[in-house]
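Q: what's the 3D shape of this:
(one chain, ligands or ions: 1)
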Amino acid sequence: MKDKILITNIQRFSLHDGPGIRTTVFCKGCSLRCPWCANPENLEPQPEQYVKGGKQGTYGRFVTCEELYGEVIKDALFYRQRGQGTGLEALPGGVTWSGGEALLQADRLEPLFQKLREAGVHQCVETCLFVPPDKLAIAMEYLDLFYVDIKILDKERCKSILHGELELYLTNVKALFVAQKPVVFRVPVIGGYTDGEENVEAIIDLIRQHRPLKVELIKEHNLGQSKYISLGKKPPELHTVTDEFMESYKEKILDRPDIPTEVCKV
Ligand code: SF4
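A: This next block holds a predicted model:
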């Protein structure tokens with residue numbers, strides 16, 4: 001299994017994982033443990049048994065680069081369509097690497113990143129960016145657009161709540177902007193976890209230090225409940241923030257009007 005990629009799903013015709021029509025590949029394995037995670041089946045870096053509706057199954061399967069290339073290139077015709085307008089909307093569709101944290105498998109994905117680049121397929125990644133810098137460097141060589149989460153920017157809370165090292169994240173954010181890579185920041189706004197005043201101010205500071213193409217403030221709901229249950233885990237109970245809070249958050253960021261900011265609900 002050394003060179004194979006562990007995935008849980010290939011989602012075709014996706015309209016919410018980047019520009020245009022995309023094929024999203026969900027890779028399995030993540031170093032964080034966000035209490036609000038909507039994809040609990042993508043956390044452990046090995047296949048897992050589940051029980052759903054009395055039936056057993058497995059989350060995760062190993063695929064070769066060739067198999068995965070064959071799957072995603074089937075949708076190549078759709079990737080060429082571009083939306084109206086300028087900026088992100090005008091970009092073509094393509095492949096989005098998601099998870100879990102796809103970049104943890106960047107060394108195994110590298111031949112595929114390269115092959116898709118040579119085929120002219122636009123590639124995005126949705127990443128928490130808590131990954132070794134050498135794996136990020138592989139992605140930076142081939143991928144076209146980075147959707148980067150901003151979650152908790154206090155070192156202690158980052159460690160205790162997310163199980164992540166904040167310094168690693170900040171080093172990786174800096175590397176992306178120094179290399180002038182196109183970045184969209186995604187901010188999950190979760191009551192009791194990411195919506196505290198100090199965290200909001202720190203997030204706005206980080207956004208203003210850089211030049212992202214866009215900021216998406218994500219109002220999360222209790223997603224992935226059935227997947228938690230299928231794994232024998234208790235689903236998280238989240239406190240959703242109000243629409244008014246989301247709008248005032250957006251207004252604060254828009255104090256710097258050159259950063260387009262949108263409130264999104266998932
Ligand atoms: S980074 Fe994403 S996949 Fe990983 S635990 Fe957090 S929400 Fe889940």
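
Q: List the buried residues of the helix or strand encompassing residue 168.
A: Applying DSSP states H and E as the criterion places residue 168 in helix 166-178. By 16 or more other CB atoms under 10 Å, the buried positions in helix 166-178 come out as 166, 168, 169, 172, 173, 176. C-beta here means a position set from N, CA and C on the backbone, and glycine is covered the same way.

Q: Tell me how far the residue in the stretch 151-266 of the chain that the ligand sits nearest to lies from residue 179.
A: Using CB to the nearest ligand atom, the closest approach of the stretch 151-266 of the chain to the ligand is made by residue 162 at 6.9 Å. According to CB to CB, to the nearest Å, residue 162 stands 25 Å off from residue 179.

Q: neighbour-wise, which of these two wins?
A: residue 162 (22 against 11; other CB atoms under 10 Å).

Q: Report pLDDT for the closest residue to that one other than its chain neighbours.
A: Spatial nearest neighbour of residue 162, chain neighbours left out: residue 32 (4.8 Å); criterion: CB to CB, 6 or more residues apart in numbering. At residue 32, the model reports a pLDDT of 98.

Q: Likewise for residue 257?
A: Reported pLDDT for residue 257: 68.

Q: repeat for residue 83
A: 68.

Q: all helices of the stretch 101-250 of the chain, in order?
A: With DSSP state H, counting those that start in this stretch, the ranges of helices along the stretch 101-250 of the chain come out as 106-118, 133-142, 155-157, 166-178, 197-209, 225-230, 243-253.

Q: Minimum distance to residue 42: which of those has it?
A: helix 225-230 (9.1 Å; CB to CB).

Q: I'd like to know which elements the closest one is packed against.
A: strand 48-52 (3 or more CB pairs under 8 Å, 6 or more residues apart in numbering; DSSP states H and E).

Q: Now tell me what touches the helix or strand following the strand it packs on from outside.
A: Counting by DSSP H and E, the next helix or strand C-terminal to strand 48-52 is strand 55-59. Applying CB atoms under 8 Å, 6 or more residues apart in numbering, the contact partners of strand 55-59 are 8, 28, 41, 42, 47, 48, 49, 50, 51, 231.

Q: what does stretch 238-248 give?
A: Stretch 238-248 has contacts (CB under 8 Å, 6+ apart) with 36, 189, 190, 191, 192, 195, 217, 219, 220, 221, 222, 263.

Q: Near the ligand, which residues of this protein? Just list them.
A: Taking CB under 6 Å from any ligand atom, the part of the chain that reaches the ligand is made up of 30, 32, 33, 34, 37, 39, 42, 43, 99, 100, 101, 128.

Q: ok, which pair from the residues you listed is furthest apart?
A: Between any two of the residues of the chain next to the ligand (CB to CB), the greatest distance is 13.4 Å, for 33 and 99.

Q: and these two? which has more neighbours close in?
A: residue 99 (25 against 12).

Q: ok, now how distant is that one from residue 47?
A: Look at residue 99 and residue 47: by CB to CB, they are 15 Å apart.

Q: How about residue 153?
A: Distance of residue 153 to residue 47, computed by CB to CB: 34 Å.

Q: neighbour count winner among those two?
A: Neighbours per residue, other CB under 10 Å: of residue 153 and residue 47, the larger number sits with residue 153, 19 against 14.

Q: And the residue of the stretch 51-200 of the chain that's closest to the ligand?
A: Closest point on the stretch 51-200 of the chain to the ligand, by CB to the nearest ligand atom, is residue 128, at 3.6 Å.

Q: tell me the contacts of residue 1?
A: Counting by CB under 8 Å, 6+ apart, residue 1 has contacts residue 62.

Q: For it, give me the pLDDT.
A: At residue 1, pLDDT is 72.

Q: can you check residue 77 too?
A: According to the prediction, residue 77 has pLDDT 89.

Q: Determine the longest strand present in the protein.
A: Looking across the chain with DSSP state E, the single longest strand is strand 5-14.

Q: Name the strands paired with the very next helix or strand once past it and say parallel or antiparallel.
A: Using DSSP H and E, the helix or strand that directly follows strand 5-14 along the chain is strand 22-27. Looking at strand 22-27 with DSSP bridges, its partner strands are strand 5-14 (antiparallel), strand 94-98 (parallel).
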